[in-house]
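Novice: Below is the sequence, then the predicted model.
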Amino acid sequence: MEPSGQVAAFADLPFIVGFDQDGGGQPQQGLGVGEDPDDVGAALDARYLRDAQHADAMLCRLVAHHSCAIIEAGERGLADVLSLEFEPAPYALSSALTCCDMTTRPDGELVPVEQRLAEIQDHYGPGHLVSRSIQRATPMILGAVKQAHNRAAHIA
């Protein structure tokens, strides 16, 4: 299955997710709304969307828990905050977002999930909390992508 078919299958979801841009206009490594993804966790991204942008509650839940963010939140000491403030979104929705997030580079190019996971680890380097989080989350991310692809195949 072509990755573009998977993305098209989720294009009608009632929200928009974008990638951060740093001060130089270069794409960052993930989605969110913080100024620096190394300093801002998913719970804070979702809190900003909720409190400053008055975003839909489901969008905030999706951002808070996107791509197994609870694991990275734990590395940052924010897992309790994330869990208390934002209930996880329904799995079908969160796995679709994980699939889109983990099969798309920050420049929009579609890539296999395994390649994207390797790129994230290469970007941050061994021992970085993002690399550790991605490594721990890999089985769940792969499962979410597989399930999203299976659902898209049944829709098509």
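Specialist: Done, it's in.
Novice: contacts and neighbour counts: CA atoms only from here.
Specialist: OK.
Novice: nearest residue to residue 68 other than its sequence neighbours?
Specialist: residue 137 (6.1 Å; CA to CA, 6 or more residues apart in numbering).
Novice: can you confirm residue 53 is in a helix?
Specialist: No. Counting by DSSP: H, G, I helix; E, B strand; the rest coil, residue 53 falls outside a helix, being coil.
Novice: residue ranges for the strands of the protein, please.
Specialist: Using DSSP state E, the strands of the chain run over 19-21, 27-31.
Novice: max-length helix in the protein?
Specialist: Assignment by DSSP state H gives helix 129-155 as the longest helix of the chain.
Novice: worst average pLDDT in the strands of the chain?
Specialist: Across those, strand 19-21 has the smallest mean pLDDT, namely a mean of 34.
Novice: Under the pLDDT cut-off, which ranges of the protein? List them.
Specialist: 1-44 (pLDDT under 70).
Novice: ok, and for stretch 86-102, which residues are buried?
Specialist: Across stretch 86-102, burial judged by 16 or more other CA atoms under 10 Å covers 86, 88-89, 93-102.
Novice: Format the CA atom coordinates belonging to it as CSV.
Specialist: Only the C-alpha atoms of stretch 86-102 are listed here, as CSV (Å, rounded to 0.1, in the frame of the first residue of the first chain):
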residue,chain,number,x,y,z
PHE,A,86,-5.9,14.9,29.4
GLU,A,87,-7.7,11.6,29.0
PRO,A,88,-6.3,9.6,26.1
ALA,A,89,-8.3,9.9,22.8
PRO,A,90,-10.0,6.8,21.4
TYR,A,91,-7.5,4.4,20.1
ALA,A,92,-8.8,4.4,16.5
LEU,A,93,-8.2,8.2,16.4
SER,A,94,-4.9,8.2,18.2
SER,A,95,-3.5,5.4,16.1
ALA,A,96,-4.5,7.3,12.9
LEU,A,97,-2.6,10.4,14.2
THR,A,98,0.4,8.2,15.3
CYS,A,99,0.4,6.7,11.8
CYS,A,100,0.4,10.1,10.1
ASP,A,101,3.0,11.5,12.6
MET,A,102,5.4,8.5,12.3
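Novice: Report the distance from that stretch to the chain centre.
Specialist: Relative to the centre of its chain, stretch 86-102 is centred 8 Å away, using CA atoms, centre = their mean, to the nearest Å.
Novice: Ok, stretch 99-117 next?
Specialist: Distance of stretch 99-117 from the chain centroid (CA atoms, centre = their mean) equals 10 Å.
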